[in-house]
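A.B. asks: Quick one: sequence and predicted model below, then my questions.
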Amino acid sequence: MNALEPITQVCPESVCKATAEPKEGFTDALESLVTDSKVVEQHLLLPEKMGVNFPDISQTFGGFGDPGITVAGEDPARTRAREFVAGQHQAKGGAMDADEETGRVLDFLGASSVQPKFDYGHIEKPHYPWNHYPDGTYYGVTSEDFRAFIPDELTWTGNRYVTDRATQAHLLEAGYVDHLLGMIIKRLKSLAVWDESLVVVTADHGGALLTDEPRRAANEATIGEIATVPLFIKSPGQTDYQPGGAVNTVLRQRGTINGAEAGTPLAVAVNSTVVAVGRAFLDAGEIAYSILLPQNSLRTGLNDITIFTVDRTSGEPLLSRLGGTG
């Protein structure tokens with residue numbers, strides 16, 4: 001078994017002998033386990049209302065009880081998450097770029113083995129910075145630095161123009177990931193093991209680019225972008241594309257609306273069936289919405305798309321029509 005783990009420490013050295021990364025000592029690891037287990041235990045056993053006072057456990061893999069440093073205006077859990085990642089990189093000799101990470105994966109893919117083996121690689125792309133064209137050409141980030149539009153490291157604040165530019169840059173970076181994946185597939189084919197291999201490609205989280213909404217945290221507005229991570233599975237002997245029953249492409253429905261305020265919960269119906277929810281937001285002085293629609297909810301030709309506000313004050317959701325399109 002081989003594993004490239006720039007952030008995590010899942011594979012033990014006894015199993016991943018050839019690719020094991022430096023790890024913290026036994027005493028430090030045991031101390032971290034006890035401290036983290038105590039925080040997790042609080043979340044699991046104590047009343048939910050008390051949970052607001054507990055350290056957050058959703059932003060990183062460990063160090064929950066360590067207060068770490070404090071950054072003005074930044075959520076402490078997010079600060080700990082950045083500290084954790086930086087510490088992991090430092091412990092392993094510094095962060096690698098995606099080309100280096102892919103090169104490591106290519107190296108252990110080519111390692112000979114008399115038995116079937118499991119190879120795992122965590123390549124940290126298309127994480128920010130977005131600075132590649134799909135062919136791998138590096139163009140830098142000196143002209144556009146989108147970090148200024150996430151001032152608290154949590155919330156995206158860019159207007160529509162900035163959001164569209166950031167989306168374009170992110171898609172270019174996603175194309176670069178396709179390029180890296182192509183290198184891995186090419187190596188497997190050159191080793192004559194592609195046909196017999198089980199290959200799984202996925203992402204560990206999603207990300208949203210909606211004005212005044214969180215980049216990573218899922219809510220009614222962002223769930224479509226946060227939760228819909230890609231998953232590709234190539235089975236041994238598979239030669240053609242076989243879409244899974246749960247796989248569904250999504251399309252973005254975006255525009256401006258009247259009769260709602262920023263933050264108003266919304267529901268979108270396609271052909272009289274509610275298929276998506278979200279929230280209205282303020283964009284360049286206008287009330288706007290941006291919602292992902294399942295492609296299988298649309299039929300060939302014209303579709304009736306209706307937008308509703310959602311009122312839950314009485315318990316059951318009450319839908320009030322705002323408008324629609326044909």
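C.D. replies: Okay, I see it. What you are looking at is a predicted structure, and each value in this text was computed from that prediction instead of being measured. Residues are numbered from 1 along each chain as shown.
A.B. asks: low pLDDT regions in the protein?
C.D. replies: Low-confidence segments of the chain (pLDDT under 70): 18-26, 28-29, 48-96, 141-143, 243-250, 323-326.
A.B. asks: so who does the most centrally placed residue in it touch?
C.D. replies: Taking CA atoms, centre = their mean, the centroid of the chain lies closest to G206, which sits 2.1 Å from it. G206 makes contact with 225-229 under the criterion CB atoms under 8 Å, 6 or more residues apart in numbering. C-beta coordinates here come from the backbone N, C-alpha and C atoms, glycine included.
A.B. asks: any idea which of these is closest to L109?
C.D. replies: Nearest to L109 out of these is V229 (CB to CB; 23.4 Å).
A.B. asks: so which helix or strand takes in that closest one?
C.D. replies: Counting by DSSP states H and E, no helix or strand carries V229.
A.B. asks: just the one 4 residues further on next, same as before
C.D. replies: Counting by DSSP H and E, the element that carries I233 is strand 231-234.
A.B. asks: got it, and F308?
C.D. replies: Counting by DSSP H and E, F308 is part of strand 305-311.
A.B. asks: L266 now?
C.D. replies: Counting by DSSP H and E, L266 is part of strand 265-270.
A.B. asks: who's in contact with that strand?
C.D. replies: Identification of contacts with strand 265-270 by CB under 8 Å, 6+ apart yields 220, 253, 260, 274-280, 289, 291, 293, 297-298, 303-312, 317, 319, 322.
A.B. asks: And the furthest pair within the contacts of G206?
C.D. replies: Every pair of the contacts of G206 checked by CB to CB; the farthest is E225 and V229, at 9.7 Å.
A.B. asks: And these two? Which one has more around it.
C.D. replies: Per other CB atoms under 10 Å, whichever of E225 and V229 has more neighbours is E225, with 20 against 12.
A.B. asks: doesn't P214 make contact with the more buried one?
C.D. replies: No - counting by CB atoms under 8 Å, E225 stays clear of P214, with 10.5 Å between them.
A.B. asks: Quick check: neighbours shared by the two?
C.D. replies: By CB under 8 Å, 6+ apart, E225 and P214 have these common neighbours: A208.
A.B. asks: Leaving out the residues flanking it, which one is nearest to I184?
C.D. replies: Distances taken as CB to CB, 6 or more residues apart in numbering place V105 nearest to I184, at 6.2 Å, with adjacent residues excluded.
A.B. asks: Based on its surroundings, how many neighbours for P6?
C.D. replies: A count of neighbours around P6, defined by other CB under 10 Å, yields 18.
A.B. asks: for T27, same thing?
C.D. replies: 8.
A.B. asks: helix, strand or coil for it?
C.D. replies: Classification of T27 by DSSP: H, G, I helix; E, B strand; the rest coil places it in helix.
A.B. asks: on that earlier part again, the inter-axis angle of the strand holding F308 versus strand 265-270?
C.D. replies: 150 degrees (axes from the mean of the first three to the mean of the last three CA atoms, to 10 degrees).
A.B. asks: any idea how far the residue nearest to the centre of the chain is from Y133?
C.D. replies: Separation of G206 from Y133 (CB to CB, to the nearest Å): 23 Å.
A.B. asks: Same check on F118?
C.D. replies: Counting by CB to CB, the gap from F118 to Y133 is 32 Å.
A.B. asks: Same check on H127?
C.D. replies: From H127 across to Y133, the span is 17 Å (CB to CB).
A.B. asks: Same check on Y241?
C.D. replies: Y241 is 26 Å from Y133, by CB to CB.
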